[in-house]
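Engineer: dropping a prediction and its sequence here:
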Amino acid sequence: MFVSKSASIAVGAMAIALGLSGCATQKYVDQQVAGLESRQGAALNEQGTKIGGRIDGLETRLNQVDQTARDALARAIAAGKLAEGKFLYSVVMTTDGSVTFASGKAIISDDGQAKLSALATQLKTDNQNVYLEIQGHTDSKGSTKANERVGMERANAVRTYLAKQGVPLSRMTSTSYGEDAPVADNATRAGRAANRRVVIVVLK
């Protein structure tokens with residue numbers, strides 16, 4: 001069969017065009033795939049970073065919960081020991097007892113710190129497995145809720161100080177009676193001062 005020269009050229013041109021079109025299409029596909037892979041990779045990396053951050057946060061929270069649980073268990077054990085313990089004696093920390101608490105405050109005076117240091121030394125010298133219930137009290141000024149808070153702050157201030165002197169935290173528990181257990185008349189200045197106190201009950 002005879003094929004003209006012009007027809008041959010046309011066929012050749014068409015083949016070249018198809019070949020070039022195929023190369024261009026393949027290049028375009030490769031570019032699109034590469035772009036997609038890049039975007040997917042970046043998204044996965046970002047997601048992985050977020051997940052990693054969340055895992056780190058969860059681990060931190062678990063550690064905090066674990067420490068909180070240990071502290072709560074220690075307090076529960078101490079509270080249980082206190083509930084079944086035998087009363088030995090109590091130490092009253094008031095204005096008269098050298099621990100002065102200003103109205104609404106939980107700051108232990110220098111004289112109070114000296115008395116608490118002496119108590120800590122006595123407890124360590126006696127070397128007995130005693131437990132301390134540290135009770136915080138207030139006068140009747142202020143709201144009931146505020147007085148409960150201040151009473152707990154006073155008890156915790158004493159507990160913290162004794163812990164710094166070597167008394168184990170696991171052998172102490174703090175509680176607040178607020179204004180509910182006065183020992184003097186809140187109508188007088190002296191009575192209110194006497195009611196702003198901490199009572200340390202020593203049990204075995």
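Structural biologist: Alright, I've got the coordinates.
Engineer: ranges for the helices of the protein?
Structural biologist: With DSSP state H as the criterion, the chain has helices at 5-84, 110-126, 144-164, 189-195.
Engineer: buried ones in the second one, by neighbour count?
Structural biologist: Meaning helix 110-126. 112-113, 115-116, 119-120, 123 (16 or more other Cβ atoms under 10 Å). C-beta: built from backbone N, CA, C; applies to glycine.
Engineer: compute the inter-axis angle for that helix and helix 144-164.
Structural biologist: 50 degrees (axes from the mean of the first three to the mean of the last three Cα atoms, to 10 degrees).
Engineer: can you tell me which of the buried residues of helix 110-126 is closest to residue 197?
Structural biologist: Nearest to residue 197 among those is residue 112, at 10.6 Å by Cβ to Cβ.
Engineer: near the closest residue in space to residue 117 that isn't next to it in sequence, how many other residues are there?
Structural biologist: Spatial nearest neighbour of residue 117, excluding adjacent residues (Cβ to Cβ, 6 or more residues apart in numbering): residue 165 at 5.6 Å. Residue 165 has 16 neighbours, counted by other Cβ atoms under 10 Å.
Engineer: per-residue pLDDT of the nearest residue to residue 199 once chain neighbours are set aside, please?
Structural biologist: Nearest non-adjacent residue to residue 199, counting by Cβ to Cβ, 6+ apart: residue 135, 4.4 Å away. At residue 135, the predicted lDDT confidence score is 92.
Engineer: repeat that for residue 23.
Structural biologist: Reading off the model, residue 23 has pLDDT 52.
Engineer: so residue 107 sits against residue 101, correct?
Structural biologist: Yes - if you go by Cβ atoms under 8 Å, residue 107 and residue 101 touch, sitting 7.3 Å apart.
Engineer: looking at those two now, which is surrounded by more residues?
Structural biologist: Higher neighbour count among residue 107 and residue 101: residue 101, with 28 against 12, using other Cβ under 10 Å.
Engineer: the more buried one reaches residue 197, doesn't it?
Structural biologist: Yes - counting by Cβ under 8 Å, residue 101 does reach residue 197; the two are 7.1 Å apart.
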